[in-house]
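Turn this into a model:
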Amino acid sequence: MNLPNALTISRLVAIPPLMFLVLARFDYHDQIAAAVFVVFSLTDTMDGQLARRRGSVSDLGKFLDPLADKLFVLSVLIVLVQEELVAAWVVVVIFSRELLITLLRTVAASQGRVLAAAPLGKTKTVTQVVAVTLLILQRPYPELGLPAALAVGFAVVFTLSSGVDYLWRWRHVLLPGGTAASAAAAAPSGGAPGAESPVDPRAAALGKLLEDGRLTLSVAESCTGGLLAAMITDQPGSSAYFLGGVVAYSDEAKRTQLGVPSDLLERHGAVSGPVAVAMAEGARTRFGSTFAAGVTGIAGPDSDGSSKPVGLTYVAVASPAGSRAHQFNFPGDRWTNRRQAAGEALQLLIAAARELASGQVKSA
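Got it, this is the predicted structure:
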């Protein structure tokens, strides 16, 4: 038991007294109920931030947090229906959305995927908290009736919108081939005895171009964490052209291992085009390779604390023709985003190798 989990459990513990406060009849009971609801709603933000900041994310927290969120809001809404302060269909809509997303997360978990929180999902939660608070307060303050009705309308709209958004973002989870078996087949092997290790066709194509042209390659990875190097070295004979790579996950590693300037990191942030270019050029210089790829991004499930969204990724290629970064906005979960980033890096390296092979640029 840690502090983030304790905050999550506090929302569950707060449900009975909160329901009592809404149903009770004594002076200021509604005001107290609204205050309690808002205070414990804030723990939903605090527990996740604390867990990530302290590195104390746990399986218990992953299970309890979404459960506590749903029970906390729905239990109060059910009492408000009993008190005739909100229509029953509103609860049905919210409950149906939560049940649908829970089922989607269950299917994703069976495939080894984690569904990242989407911006609309967070907005949905805020609108629900505001709506419930106003619904509680409209009884002692009748003038809040109209704002409460409008807030409920907004909450329903964002609840439905976020549900559709989740289904669209994670549609690949429900599509044919989205099973655990296919996910495992698509993943690169870690070299376990008897494990399947299919070579990505792009890695094979890149390997042939490099080998035929007697060219060499190195990589600098952040969000992909070595996945790109693993895909390249899945190809038999890759030692003929792959010189090595650096997994620079922290800013300090980017500075010391790849020579990324500190002012570049401070000015643009680790997830940016200029930093991706600096990473690629640092790897190319370090290994003396013909080509180098640099990958940096926000794989998810959470953002990096800035305004940059989950899925934002920059892939840069340094070659004799110069260096260039490409921006991508991947819509998948953490694993899918990392896999797509590595795949795009392979594709860009293929294009650079073909350009060099065609004689459009001279090898350095």
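
tell me the SS of Pro236?
coil (DSSP: H, G, I helix; E, B strand; the rest coil).

which residue packs closest to it, ignoring adjacent ones?
Nearest residue to Pro236, sequence neighbours excluded (C-beta to C-beta, 6 or more residues apart in numbering): Val199, at 7.9 Å. Using the backbone N, CA and C atoms, a C-beta is placed for each residue, glycine as well.

tally of neighbours for the one you found?
Taking other C-beta atoms under 10 Å as the neighbour definition, Val199 ends up with a count of 16.

State the distance from it to Thr233.
Separation of Val199 from Thr233 (C-beta to C-beta, to the nearest Å) stands at 10 Å.

now do Ile32
The span separating Ile32 from Thr233 equals 62 Å under the rule C-beta to C-beta.

do the same with Gly343
Taken as C-beta to C-beta, the spacing of Gly343 relative to Thr233 amounts to 15 Å.

got it, and Ser41?
Distance from Ser41 to Thr233, counting by C-beta to C-beta: 48 Å.

These two - which one has more neighbours?
Using other C-beta under 10 Å, the more surrounded residue of Ser41 and Thr233 is Ser41, with 22 against 19.

Do I have it right that the more buried one meets Asp69?
No - contact status for Ser41 versus Asp69: not in contact, 9.1 Å apart, counting by C-beta atoms under 8 Å.

now the residue nearest to Pro236: how far from His268?
In this structure, Val199 and His268 are separated by 35 Å, where distance is defined by C-beta to C-beta.

Not counting its neighbours along the chain, what's nearest Phe95?
Take Phe95 and drop its neighbours on the chain: the residue closest to it by C-beta to C-beta, 6+ apart is Leu74, 6.0 Å away.

Report how many residues lie close to the one you found.
Residues contacting Leu74 under the criterion other C-beta under 10 Å number 16.

who's in contact with it?
With contact taken as C-beta atoms under 8 Å, 6 or more residues apart in numbering, Leu74 is in contact with Val91, Ile94, Phe95, Glu98.

so how far is the helix or strand harbouring the second one off the chain centroid?
Secondary structure from DSSP states H and E places Ile94 in helix 88-110. For helix 88-110, the distance between its averaged C-alpha position and the chain's averaged C-alpha position is 19 Å (C-alpha atoms, centre = their mean, to the nearest Å).

got the angle between the helix or strand that that helix is followed by and helix 88-110?
Proceeding N to C from helix 88-110, the next assigned helix or strand is helix 119-137, under DSSP H and E. Taking axes from the mean of the first three to the mean of the last three C-alpha atoms, to 10 degrees, one finds that helix 119-137 is oriented at 150 degrees with respect to helix 88-110.

So which elements touch the helix or strand following helix 119-137?
Per DSSP H and E, the first helix or strand lying C-terminal to helix 119-137 is helix 145-169. If you count contacts as 3 or more C-beta pairs under 8 Å, 6 or more residues apart in numbering; DSSP states H and E, helix 145-169 packs onto helix 88-110, helix 119-137.

Give me the angle between the helix holding Ile94 and helix 145-169.
Note on geometry: by the same axes, to 10 degrees, helix 88-110 and helix 145-169 are set 30 degrees apart in direction.

measure stretch 284-293 end to end?
Between the opening and closing residues of stretch 284-293 we find a distance of 8 Å, counting by C-alpha to C-alpha, to the nearest Å.

who's in contact with it?
Surrounding stretch 284-293, the residues in contact under the criterion C-beta under 8 Å, 6+ apart are 210, 215-220, 228, 243-244, 246, 257-259, 280-283, 315-320, 345, 348-349, 352-353, 356, 363-364.

Swap in 6 Å and give it another go.
With C-beta atoms under 6 Å, 6 or more residues apart in numbering as the contact definition, stretch 284-293 has outside contacts at 215-219, 243-244, 280, 283, 317-319, 345, 349, 352.

Give me the ChimeraX select line for the residues you listed, limited to the buried ones.
Selection command for ChimeraX covering only the buried members of those, criterion 16 or more other C-beta atoms under 10 Å:
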select :215,216,217,218,219,243,280,283,317,318,319,345,349,352
